[in-house]
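Asker: Sequence first, then the predicted structure, then my questions.
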Amino acid sequence: MNGLELLTWARGPGLALALGICVFGVILRSVEILALGRKPDLAPARAVTPGSGWRTIFSRSLPPPGMLRRAPLTYLGGYVFHLGFAVTLFFFVPHIELIRGVLGLSWPGLPNSLIDAATIAAILAMIALLIGRLVDPVKRLLSGGGDWLAWALTFAPLATGYAAYHHWFENYALTLALHILSIELLLALLPFTKLFHVVSLFMARWYNGDIAGRKGVAT
Amino acid sequence: MQHPDNHALNVVLAEAGLSRRDFLGFCATLAAAYALPASSVGAIAAALEKAPRASVIWLSFQECTGCTESLTRSHAPSVEGLILEQISLDYHHTLQAASGAAAERARDAAMRANAGKYLLVVDGSIPLGNAGYSTIAGLSNLDMLKEAAQGAAAVIAVGTCAAYGGLPAADPNPTGAVAVSAIVKDKPVINVPGCPPIPVVITGVLAHFLTFGTLPELDDLGRPKIFYGESIHDRCYRRPFYDQGKFADTFDDEGARKGWCLFKLGCKGPVTYNACATTKWNNGVSFPIQSGHGCLGCSEPGFWDMGPFYQALSMPATPVQKTVAGAAAAGAAVGVAVAFANRGKKAAAKAAHQAVKVEDLEKKS
């Protein structure tokens, strides 16, 4: 199998398999989490605070007072990585074409130079976050295999995509195939690793914001 | 036009109405293409002038004659055409005057007279499924290829069918078509893919053989690096539009009229290695992208099965919706099953819960 055949496999059966596993896992875990339920809160709400759950989804992305100074790398690195990754993922024209091919949705893309800058920013932020995690004794103690796996699964598509776009290796089709395969690995493992926060974060934040609102500490 | 075996090139040039300057220009192009110093132009010219006419046997198997059409449609009299005058094309279905037994005798005679020295050119794929799928003079393609390859100095697989199986080998490959390289293992095989290949690429490879007596450096797919070393995308004049994010969305929108990038319309230029964007076609007039159509990737193995021609390279090569819908339904079903199992566990845990009273805790054992 040469690079182009691998690429065609990755674009065809590989993609279907990865998307299938991803969707299967996301729905399975979501249904499982939601069906666990909570015991009914029999106490009357301390305050009527509509929208506390929804606001919390956003407010939890902001650092609590003083935390930005105490952990600048965690916050700034996190912001730069997530924004860079999102810009690269959603505004690179070939990516938009993929989404159009699967979902039929599309929107205007950005010039490649901007995507390039966003990718570099995301890669550098990820490297900085990894070094921070390795150097800080507390973070290192808190880190388990799942954390390192999540980092590697996320870093691989960025690195291979960058290498493919810039033709770092002679065999472009193979590099592109590896890029797509790395994303497929990410998709397949997303529901079963810490990367599931892509989905669960919204439920968890909404629930926390809502229950906190009922207890009188609304966002 | 008949030429003596050791004819002088200047006679051929004069007959063709071309100057020596034209010929040296071709030699200089070749030298540049092969990354040779300018001083080698004279050596190339001298070698081509002195070269005895190499015998070439051209076999056509499962093919459409497009490769031959491409070669002969080079504008006459072209310098490429002249190079063809340098060879003795002893057997070629389409171009030879003889037919039937006479044609086959010509092939036998050429193979015997030039044993070990002739160049074997093949266009078309070889069916392995049933010998009767494609025969010539009662011989299966497989037998004829094996027989002719035995005495060849080298084999040139012209066109994507000969190089990689091409259209006949496309899914579901009803004839069991294979490439020349799948049969010929003990001779150098050089692939000159394309559907069809560019005439100058075919003649360039022949000229290399005539000049140096060797075949040019090949890539990992057996193609000469000088012509297949760079992708269409990297040499495309529309590349700046790709980088700027300017694309044609349809074949007749403003972007198409302005000549923007054809990636969204399915151009396979990024993964296709060929010289179209540099040497172009019809004597350098144009190439597909220049005339407004994306590259189909015709010089790559399995290009027929690389997904729809008119969908972007990043789009799924085969539909994924059904798989995803099935996976979603399965996920929901398993999720509900797991939810019931969890409820059962919760209920069991609740049932197994032992009520503990304060008095129990205070009991002294």
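Answerer: Thanks, I have it. Numbering: from 1, shown residues only, chains lettered A, B, ... in the order given.

Asker: Near B:Thr160, how many other residues are there?
Answerer: Neighbours of B:Thr160 under the rule other Cβ atoms under 10 Å in any protein chain shown: 32. Backbone N, C-alpha and C define where each C-beta goes, glycine included.

Asker: OK, contacts around it?
Answerer: B:166-167, B:193-195, B:298-301, B:303 (Cβ atoms under 8 Å, 6 or more residues apart in numbering or on different chains).

Asker: next helix or strand past the helix or strand it falls within?
Answerer: Here B:Thr160 sits within helix B:159-164, counting by DSSP states H and E. From helix B:159-164 onward toward the C-terminus, using DSSP H and E, the following helix or strand is strand B:177-178.

Asker: in chain B, which helix or strand is least confident?
Answerer: Among the helices and strands of chain B, helix B:79-85 carries the lowest confidence by mean pLDDT, DSSP states H and E, at a mean of 56.

Asker: Roughly how far does the residue nearest to the spatial centre of chain B sit from B:Val271?
Answerer: Taking Cα atoms, centre = their mean, the centroid of chain B lies closest to B:Ser299, which sits 2.4 Å from it. Plainly put, B:Ser299 is 11 Å away from B:Val271 if you go by Cβ to Cβ, to the nearest Å.

Asker: any idea of the mean pLDDT for the helix or strand encompassing B:Asp360?
Answerer: In the assignment (DSSP H and E), B:Asp360 maps to helix B:358-362. For helix B:358-362, the mean per-residue pLDDT is 83.

Asker: That one: how far from the chain's middle?
Answerer: Distance of helix B:358-362 from its chain centroid, counting by Cα atoms, centre = their mean, to the nearest Å, is 86 Å.

Asker: helices or strands up against that helix?
Answerer: Applying 3 or more Cβ pairs under 8 Å, 6 or more residues apart in numbering or on different chains; DSSP states H and E, one finds that helix B:358-362 contacts no other helix or strand.

Asker: just the CA coordinates of that helix, formatted as PDB?
Answerer: Coordinates of the C-alpha atoms in helix B:358-362 are reproduced here as PDB (Å, rounded to 0.1, in the frame of the first residue of the first chain):
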ATOM      1  CA  VAL B 358     -28.500   4.900  66.400                       C
ATOM      2  CA  GLU B 359     -29.000   2.100  68.900                       C
ATOM      3  CA  ASP B 360     -27.200  -0.300  66.600                       C
ATOM      4  CA  LEU B 361     -24.200   1.900  66.600                       C
ATOM      5  CA  GLU B 362     -24.200   2.200  70.300                       C
END
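
Asker: What are the contacting residues of that helix?
Answerer: So helix B:358-362 is contacted by nothing (Cβ under 8 Å, 6+ apart).

Asker: Which residues in that helix does the neighbour count mark as buried?
Answerer: Residues of helix B:358-362 classed as buried by neighbour count (16 or more other Cβ atoms under 10 Å in any protein chain shown): none.

Asker: And the average pLDDT for the helix holding B:Thr160 is what?
Answerer: 97.

Asker: Give the full set of residues in contact with B:Thr214.
Answerer: B:Thr214 is in contact with B:His208, counting by Cβ under 8 Å, 6+ apart.

Asker: picking up where we left off before, JSON lines for the contacts of B:Thr160, including secondary structure and distance to A:Thr56?
Answerer: Output for the contacts of B:Thr160, formatted as JSON lines (DSSP: H, G, I helix; E, B strand; the rest coil; distance: Cβ to Cβ, whole Å):
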{"residue": "B:Gly166", "secondary structure": "coil", "distance to A:Thr56": "60"}
{"residue": "B:Leu167", "secondary structure": "helix", "distance to A:Thr56": "59"}
{"residue": "B:Pro193", "secondary structure": "coil", "distance to A:Thr56": "59"}
{"residue": "B:Gly194", "secondary structure": "coil", "distance to A:Thr56": "60"}
{"residue": "B:Cys195", "secondary structure": "coil", "distance to A:Thr56": "59"}
{"residue": "B:Cys298", "secondary structure": "coil", "distance to A:Thr56": "56"}
{"residue": "B:Ser299", "secondary structure": "coil", "distance to A:Thr56": "56"}
{"residue": "B:Glu300", "secondary structure": "coil", "distance to A:Thr56": "52"}
{"residue": "B:Pro301", "secondary structure": "coil", "distance to A:Thr56": "54"}
{"residue": "B:Phe303", "secondary structure": "helix", "distance to A:Thr56": "52"}
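
Asker: Okay, now the unreliable bits of chain B?
Answerer: Along chain B, segments meeting pLDDT under 70 span B:1-16, B:50-52, B:73-86, B:364-365.

Asker: Domains in it, by residue range?
Answerer: Annotated domains of chain B cover B:9-228, B:232-305, B:321-362 [automatic domain parsing].

Asker: Show me how far whichever helix or strand B:Val336 is part of is from its chain's centre.
Answerer: Assigned by DSSP H and E, B:Val336 belongs to helix B:321-351. Taking Cα atoms, centre = their mean, one finds helix B:321-351 lying 50 Å from the centre of the chain it belongs to.

Asker: residues of it that come out buried?
Answerer: Under the neighbour-count criterion of 16+ other Cβ under 10 Å, helix B:321-351 has B:323-324, B:327-328, B:331-332, B:334-335, B:338-339 buried.

Asker: just checking, B:Gly222 touches B:Val184?
Answerer: No: at 11.0 Å, B:Gly222 does not count as touching B:Val184 under the criterion of Cβ atoms under 8 Å.

Asker: show me where chain A has helices.
Answerer: Counting by DSSP state H, chain A has helices at residues A:3-9, A:15-36, A:52-59, A:67-70, A:72, A:78-91, A:93-103, A:112-135, A:137-142, A:145-165, A:172-189, A:197-214.

Asker: The first one packs against which elements?
Answerer: Contact analysis of helix A:3-9 by 3+ Cβ pairs under 8 Å, 6+ apart lists helix A:172-189 as its packing neighbours.

Asker: swap in the third one?
Answerer: Here helix A:52-59 touches helix A:197-214, going by 3+ Cβ pairs under 8 Å, 6+ apart.

Asker: Need the three-state assignment for B:Leu95.
Answerer: coil (DSSP: H, G, I helix; E, B strand; the rest coil).

Asker: ok, and the closest non-adjacent residue to it?
Answerer: Excluding the flanking residues, the one nearest B:Leu95 by Cβ to Cβ, 6 or more residues apart in numbering or on different chains is B:Leu89, at 6.4 Å.

Asker: before we move on, back to that, could you check how far the residue nearest to the centre of chain B is from chain A?
Answerer: Look at B:Ser299 and chain A: by Cβ to the nearest Cβ, to the nearest Å, they are 11 Å apart.

Asker: Could you check how far that residue is from B:Gly222?
Answerer: From B:Ser299 to B:Gly222 the distance is 12 Å (Cβ to Cβ).

Asker: repeat for B:Asn130
Answerer: Counting by Cβ to Cβ - B:Asn130 and B:Gly222 are separated by 27 Å.

Asker: Name the SS class of B:Asn191, please.
Answerer: At B:Asn191 the chain is in strand, as set by three-state DSSP.

Asker: burial measure for it, as a count.
Answerer: Counted with other Cβ under 10 Å, the neighbours of B:Asn191 add up to 28.

Asker: Was I right to think it contacts B:Ser181?
Answerer: Yes: if you go by Cβ under 8 Å, B:Asn191 and B:Ser181 touch, sitting 7.0 Å apart.

Asker: list residues touching both of the two?
Answerer: In contact with both B:Asn191 and B:Ser181: B:157, B:163, B:222, using Cβ under 8 Å, 6+ apart.

Asker: For the residue nearest to the last one when sequence neighbours are not counted, give me its contacts.
Answerer: Looking back up the chat, that one is B:Gly222. Nearest residue to B:Gly222 in three dimensions, chain neighbours excluded: B:Asn191, at 4.0 Å (Cβ to Cβ, 6+ apart). The contact partners of B:Asn191, by Cβ under 8 Å, 6+ apart, come to B:157, B:162-164, B:179-181, B:218, B:221-223.
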